[in-house]
Structures are given as C-alpha cells and as structure tokens.
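Undergrad: mind folding the following:
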Amino acid sequence: MKKKILVLCTGNSCRSQMAEAYIRYFAGDKATIYSAGVETHGVNPKAICTMKEDGIDISNHTSNNIDEYYDIDFDFVITVCDNAKERCPYFPTKAKKFHHNFPDPAKATGTVEEINEQFRKVRVEIKKYCKNFVDNNL
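TA: Numbers count the residues shown, from 1 in each chain. Below you'll find the predicted structure:
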C-alpha cells in the first residue's frame, strides 16, 4: 500500500515544493506526496527555475494550505522549517513526524547570481535529505 507523505513549510513556495518533487522522484510509486504551508505564498519562480536546472519540472505545482489536508491520514509529516514546526496545528493522524530546518532561499540577498546560488545550495541539501528519507523509510 502506498504511503502518504505531507511536506510542510511556512508558505509552501520553495522548500516544501522542492522536497515534494524530490520525494516523489525518489519514491516512485511507493508513495503519494503532498505539500502544504501554514500559509500560502504561491510557488516561487526561482524555485521553479532551480528545480528545472536539475531536470525536475514543478511549474504545475500549486501552493496549498494545510487546512486542505485534514481528512488525509498521513503516514509521514515532514516539516522543512522551524516556523512550520512551531505553528503546525494538531494533526489527527498516526503519522511519524520528521523535521529538518532548511535555510529559506526566498530570503537570500545579494546579486542575482548570489541569490540563485543560495537556491541551488538549498536544493542540494533538500535533494540529499529526500533521498535519505526515501531510502530509510520507504
């Protein structure tokens, strides 16, 4: 039976979108992946471009609010930022909870190239985390 996984972040715009895509990529047909935010900020265009550089298209992803998923009995809930972990409401689920605080690339400052490099750096961290998560839990 497919596992149900929720990736949760503050605005469901960057980190959770990247993690959703990588877990889906590594898990294949072993899991159904969702992502959400405690708020919704829209999918960040730089996240879309950064993932495309690694061959993954998230341009059709949507920014969803956690409220949309209360009726799903998740097997795993992964928070990818401290803010979401602290603000995550009670989930009536048996889900195993995981947490890793990734830096927010949307808050990067500097030149365009410095900002792009921060997105790439976070993407590499998230990709590695997602690969390890799938290898150890699915």
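
Undergrad: I'd like the mean pLDDT over the host helix or strand of A21, please.
TA: Per DSSP states H and E, A21 falls inside helix 15-27. Mean pLDDT, helix 15-27: 98.

Undergrad: longest helix in the chain, please.
TA: helix 112-137 (DSSP state H).

Undergrad: does A27 touch I33 like I think?
TA: Yes - checked against Cβ atoms under 8 Å, the pair A27 and I33 is within contact range at 6.9 Å. To be clear about C-beta, it is placed using only N, CA and C from the backbone, and glycine gets the same treatment.

Undergrad: mutual contacts of the two, please.
TA: I5 (Cβ atoms under 8 Å, 6 or more residues apart in numbering).

Undergrad: tell me which of the two has more neighbours.
TA: I33 (22 against 19; other Cβ atoms under 10 Å).

Undergrad: for the chain, which spans come out with low pLDDT?
TA: Along the chain, the model assigns pLDDT under 70 to residues 83-93.

Undergrad: if we can go back for a sec, can I get the helix holding A21 as CSV, trimmed to CA atoms?
TA: Extracted in CSV, the C-alpha atoms of helix 15-27 (Å, rounded to 0.1, in the frame of the first residue of the first chain):
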residue,chain,number,x,y,z
ARG,A,15,11.5,24.4,0.4
SER,A,16,8.3,22.2,0.6
GLN,A,17,7.8,22.4,-3.2
MET,A,18,11.4,21.2,-3.8
ALA,A,19,11.0,18.4,-1.2
GLU,A,20,7.7,17.3,-2.6
ALA,A,21,9.3,17.0,-6.0
TYR,A,22,12.4,15.1,-4.8
ILE,A,23,10.5,12.7,-2.6
ARG,A,24,8.1,12.0,-5.5
TYR,A,25,11.1,11.4,-7.8
PHE,A,26,12.9,9.1,-5.4
ALA,A,27,9.8,7.3,-4.1
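
Undergrad: tell me what the helix or strand following that helix is packed against?
TA: Of the helices and strands lying after helix 15-27 in sequence (DSSP H and E), the nearest is strand 31-37. Where contact means 3 or more Cβ pairs under 8 Å, 6 or more residues apart in numbering; DSSP states H and E, strand 31-37 is packed against strand 3-9, helix 15-27.

Undergrad: since that was my last question, I'll sign off now.
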